[in-house]
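In: make a model of this:
(one chain, ligands or ions: 2)
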Amino acid sequence: MFTAYTADQIRTAERALMATLPEGTLMRRAATGLAAVCAALLPRVYGSRVVLLVGSGDNGGDALYAGATLTGRGAAVTAVLAGSRAHEAGLAALLAAGGRATGHSAAAFSPGGAAAPRHGDALVTHETAVWGGGGDADEARRAVERADLIVDGLVGIGASGALREPYAGLAEAAGRAAAPVVAVDVPSGVDSSTGRVEGAAIRAAVTVTMGARKTGLLVDPGATLAGRIELVDIGLGPYLPDPDVTALTRASARGLLPRPAAESDKYRRGVVGVAAGSDHYTGAAVLAVGGALNAGAGMVRYAGPARPAGQVRARWPEAVVTELDAPDVDAVGRVQAWVVGPGLGTGEWARELLRRVLATDVPVLVDADGLNLVARDVSLLRRTAPVLITPHAGELARLTGTARGAIEAAPLAHARAAAAELGVTVLLKGSTTVVAEEGTPTWVNGTGTPWLATGGTGDVLSGVAGSLLAQGLGAREAGACGAYLHGLAGRIAAAGAPLTAAGVAEALPAAIRELNEIPAASQR
Ligand SMILES: NC(=O)C1=CN([C@@H]2O[C@H](COP(=O)(O)OP(=O)(O)OC[C@H]3O[C@@H](n4cnc5c(N)ncnc54)[C@H](O)[C@@H]3O)[C@@H](O)[C@H]2O)[C@@H](O)CC1
Ligand SMILES: [K+]
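Out: Ligands and ions are numbered 1, 2, ... in the order given. Model prediction:
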């Protein structure tokens, strides 16, 4: 399991650790780890051209010290000092090792790049011996263009708001360069606590993060911009509080996934009920049942009107189908959890069926039209057994009266607020799926693929997570593990090309197989 923390949590832990160590120890540890990752990325350190983008804080300090180490191994290192000052000891170390430093003006990094620095553009006022006035900007731009590796030490957890100039221009220049970018701690421009990006941001091949992962590295768009994450141990572990967010790794997903024991029978493995589909929307029923069957439930009981019931029967002979004449589930037989909502419609019949399902005493997953019905009457959610809701941003917007755009920009905060307000577990779907429950760290899932953004995949997810609920997982674990499996199945189904929701349901066994096949030694 990965854990991640907000900038404030990291700062507090760092202060406590720093008080026990001689000054500069942490930065040396951070820089050593950073230099090692940079060196490993270069085919050969000796003779490589490395450019450090250096801001005025300790993030720049990490970059400068790592640059000094790389200089010592024969790399040609140029520091582009972007701020009005730079970490003094770090800069001294770089220069003493034989590295170079230069300043720049914003103009040289505007798109097109060739503009000469105008009077007033020069934002850097370093008075170091290496400083060369207006020509610095061109020199810095050329260095970025020709680099074999770029190290982003502009800002880390001390950043606030959108990148200002000249930082923003430098981030854009790095984005145009051919060289891979290694971000120090977080990609500059990404909010380390939320993953939000306002304006320009670094797109890193690798992010070398110090002490512990930051939440913003696990939540999109930050997660995508961070690339691969390398964690450098600086000894922070004992000082960290409960994490802000957690994410399943393969090993921890495998640990959560129920598996049948020798004495299992279909009832003991978990029976899931699926109340979905309508005469209008038959496919949702077929897909939700497919997700439920392929995610390992011992049995799936489907309940719905004649048309979708016929289609479920035709596609999934394994499912036990009850054709409903009236909106109730009394005749369906015992289940350990219900999935209700996909394709259900929003009329009186659907509302009554939803009400009856929620009146049972087993965990219920509410999705799609079920959520649209709840949006009109949230009192439907009042029950004692667990409720897992699985909205996308639009559905959550209707449910909480919040603007959709606001939810998409800050999914963590909105999923948490909804969980607290509604008293349920919220699985908010998106490029990063978030599972929030009041009083516990929020799970985030990054196994998905953009190809999953297609009709019907949500119906499959509801079946998967409902199946896990029926197999005995708690709402939060069922949501997290369900999102993980669904994302993995999506990747397998897509394999770099468009997928269909039915394909995702069919890829679930392959996803489970992949989880189970990992040799214990290689698990993280
Ligand atoms: N505190 C510690 O114990 C350790 C810190 N380390 C490094 O230090 C970093 C934190 O250092 P700092 O607290 O100095 O903060 P940062 O270096 O992240 O950023 C602070 C500087 O950036 C400027 N700045 C803030 N927002 C900006 C924006 N939007 N546009 C342009 N400039 C902006 C500020 O004026 C300030 O000078 C970590 O991310 C990590 O890389 C590591 O060396 C490990 C130890
Ligand atoms: K950075």
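
In: contacts, neighbours, all on C-alpha from now
Out: Fine.

In: show the model's pLDDT score for the closest residue to residue 39 other than its chain neighbours.
Out: By the measure of Cα to Cα, 6 or more residues apart in numbering, the closest residue to residue 39 outside its immediate chain neighbours is residue 45, 5.9 Å from it. pLDDT recorded at residue 45 is 98.

In: also residue 104?
Out: Confidence score, pLDDT, at residue 104: 49.

In: what is the longest helix along the chain packed up against?
Out: In the chain, assigned by DSSP state H, the helix with the most residues is helix 475-494. With contacts defined as 3 or more Cα pairs under 8 Å, 6 or more residues apart in numbering; DSSP states H and E, helix 475-494 has these neighbours: helix 250-256, strand 387-389, strand 425-428, strand 433-436, strand 442-445, helix 457-470, helix 501-517.

In: so which of these is nearest residue 226?
Out: Closest approach to residue 226 among the helices and strands packed on helix 475-494 (Cα to Cα): strand 442-445, 14.9 Å.

In: each with direction, which strands does the closest one pair with?
Out: strand 245-247 (parallel), strand 433-436 (antiparallel) (DSSP bridges).

In: so the residue of the stretch 1-150 of the chain at minimum distance from ligand 2, which of the three states?
Out: Closest to ligand 2 within the stretch 1-150 of the chain is residue 59: 6.2 Å, counting by Cα to the ion. Following DSSP: H, G, I helix; E, B strand; the rest coil, we place residue 59 in the helix state.

In: was I right about it contacting residue 151?
Out: No: applying Cα atoms under 8 Å as the test, residue 59 and residue 151 come out as separate, 10.6 Å apart.

In: coming back round to it: next, the angle helix 457-470 makes with the longest helix of the chain.
Out: Orientation of helix 475-494 against helix 457-470 (axes from the mean of the first three to the mean of the last three Cα atoms, to 10 degrees) gives an angle of 140 degrees.

In: avg pLDDT for helix 475-494?
Out: pLDDT averaged over helix 475-494 gives 97.

In: coming back round to it: which residues do residue 59 and residue 151 both contact?
Out: residue 184 (Cα atoms under 8 Å, 6 or more residues apart in numbering).

In: neighbour count: those two, which is higher?
Out: residue 151 (32 against 29; other Cα atoms under 10 Å).

In: enumerate every residue touching residue 58.
Out: 87, 156.

In: that one and residue 87: what is the separation?
Out: 6 Å (Cα to Cα, to the nearest Å).

In: from ligand 1, how far out is residue 146?
Out: 24 Å (Cα to the nearest ligand atom, to the nearest Å).

In: residues contacting the nearest residue to residue 295 once chain neighbours are set aside?
Out: Leaving aside its sequence neighbours, residue 295 sits nearest to residue 464 (Cα to Cα, 6+ apart; 5.3 Å). Residues near residue 464 by Cα under 8 Å, 6+ apart: 288, 291-295, 482, 486.

In: mind putting the residues you listed into a markdown table with neighbour count and distance to ligand 1?
Out: Below are these laid out as a markdown table (neighbours: other Cα atoms under 10 Å; distance: Cα to the nearest ligand atom, whole Å):
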| residue | neighbour count | distance to ligand 1 |
| --- | --- | --- |
| 288 | 36 | 44 |
| 291 | 32 | 42 |
| 292 | 33 | 43 |
| 293 | 26 | 46 |
| 294 | 20 | 43 |
| 295 | 29 | 41 |
| 482 | 28 | 33 |
| 486 | 31 | 33 |
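
In: and which of the residues you listed is nearest ligand 2?
Out: For the contacts of residue 464, the nearest to ligand 2 is residue 486 (32.0 Å; Cα to the ion).

In: need the contact list for the residue lying closest to the closest one once chain neighbours are set aside.
Out: Computed as Cα to Cα, 6+ apart, the closest residue to residue 486 that is not its neighbour in sequence is residue 461, at 6.1 Å. Under the criterion of Cα under 8 Å, 6+ apart, the contact partners of residue 461 comprise 288, 291, 482-483, 486.

In: same question for residue 391.
Out: Here residue 391 is in contact with 367-368, 371, 426-429 (Cα under 8 Å, 6+ apart).

In: so which of the strands paired with strand 442-445 is the most packed in?
Out: Highest mean neighbour count of the strands paired with strand 442-445: strand 433-436, a mean of 30 (counted as mean count of other Cα atoms under 10 Å).

In: backbone dihedrals for residue 431, both of them.
Out: With angles defined as degrees, to the nearest 10, residue 431 sits at phi -60, psi -30.

In: so which elements touch the worst-scoring helix or strand of the chain on mean pLDDT?
Out: In the chain, no helix or strand scores lower on mean pLDDT, DSSP states H and E than helix 135-146, which sits at a mean of 85. Packing partners of helix 135-146 (3+ Cα pairs under 8 Å, 6+ apart): strand 49-54, strand 100-102, helix 167-176.

In: rewinding a little: gap between the residue of the stretch 1-150 of the chain closest to ligand 2 and residue 407?
Out: Computed as Cα to Cα, the residue 59 to residue 407 distance reads 30 Å.

In: and if you look at residue 198?
Out: Residue 198 is 15 Å from residue 407, by Cα to Cα.

In: quick one: which of those two has more around it?
Out: Ranked by neighbour count (other Cα under 10 Å), residue 198 and residue 407 place residue 407 first, with 19 against 12.

In: tell me the mean pLDDT over the helix or strand hosting the more buried one?
Out: Residue 407 is part of helix 404-409, with elements assigned from DSSP states H and E. For helix 404-409, the mean per-residue pLDDT is 94.

In: buried residues in the helix or strand following that helix?
Out: The helix or strand immediately downstream of helix 404-409 is helix 411-422, counting by DSSP H and E. Using 16 or more other Cα atoms under 10 Å as the test for burial, helix 411-422 gives 411-412, 414-420, 422.

In: between the residues you listed, which is nearest residue 344?
Out: Once Cα to Cα is applied, the member of these that ends up nearest residue 344 is residue 422, at 21.7 Å.

In: measure the closest one to residue 437 for me?
Out: Taking Cα to Cα, one finds residue 422 at 10 Å from residue 437.

In: again with residue 388
Out: Residue 388 is 9 Å from residue 437, by Cα to Cα.

In: which residues are common contacts for those two?
Out: Counting by Cα under 8 Å, 6+ apart, the residues touching both residue 388 and residue 437 are 424-426, 476.

In: most neighbours out of these, which is it?
Out: residue 426 (31 neighbours).

In: what residues does stretch 492-507 touch?
Out: With Cα under 8 Å, 6+ apart, stretch 492-507 has contacts from 287, 290-291, 294, 451-452, 454-457, 460, 486, 489-490, 510-511.

In: could you turn the buried ones of the residues you listed into a PyMOL selection?
Out: Buried subset of the contacts of stretch 492-507, written as a PyMOL selection, criterion 16+ other Cα under 10 Å:
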select buried, resi 287+290+291+294+451+452+456+457+460+486+489+490+510+511
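
In: now the two most distant members of the contacts of stretch 492-507.
Out: Largest pairwise distance in the contacts of stretch 492-507, by Cα to Cα, is 21.4 Å, between 455 and 510.

In: give me the neighbour count for residue 255.
Out: 15.

In: go on, residue 202?
Out: 27.

In: ok, the one 4 residues further on next?
Out: For residue 206, the count of nearby residues is 24 (other Cα under 10 Å).
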